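Q: return atomic coordinates for the entry below.
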Amino acid sequence: MRADQLLPDHMQSWLGLCMGLRDHQREGALVVLVTDATGPADPSPSLLDYLQTAAAVGGLVFFPRR
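A: Have a look, this model is predicted:
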């Protein structure tokens, strides 16, 4: 994914499907690693907000790379 954009629609659908199928009684985490051709990149705040919300809906701990 690009650090300056939201996830593409098909990735948002896949992530939503995974969150819906997940057993909320089990621990889990969503780890965000974003890179570009030169190395680590800083994701946009809107991308991080989206992923943090998705993690909360799925009952996951969220670990963004900062």
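Q: wait, is residue 31 part of a strand?
A: Yes: applying DSSP: H, G, I helix; E, B strand; the rest coil, one finds residue 31 inside a strand.
Q: what is the burial count for it?
A: Residue 31 has 12 neighbours, counted by other C-beta atoms under 10 Å. (Glycine included, C-beta is placed from N, CA and C.)
Q: that one and residue 62, how far apart?
A: Per C-beta to C-beta, to the nearest Å, residue 31 is found 8 Å from residue 62.
Q: count the residues that sit near residue 43.
A: For residue 43, using other C-beta under 10 Å, the count is 22.
Q: quick one: it is in a strand?
A: No: read with three-state DSSP, residue 43 is coil and lies in no strand.
Q: start to end distance for stretch 34-46?
A: Counting by C-alpha to C-alpha, to the nearest Å, you get 14 Å between the two ends of stretch 34-46.
Q: give me the buried positions along that stretch.
A: Buried positions in stretch 34-46, judged by neighbour count with 16 or more other C-beta atoms under 10 Å: 34, 41, 43.
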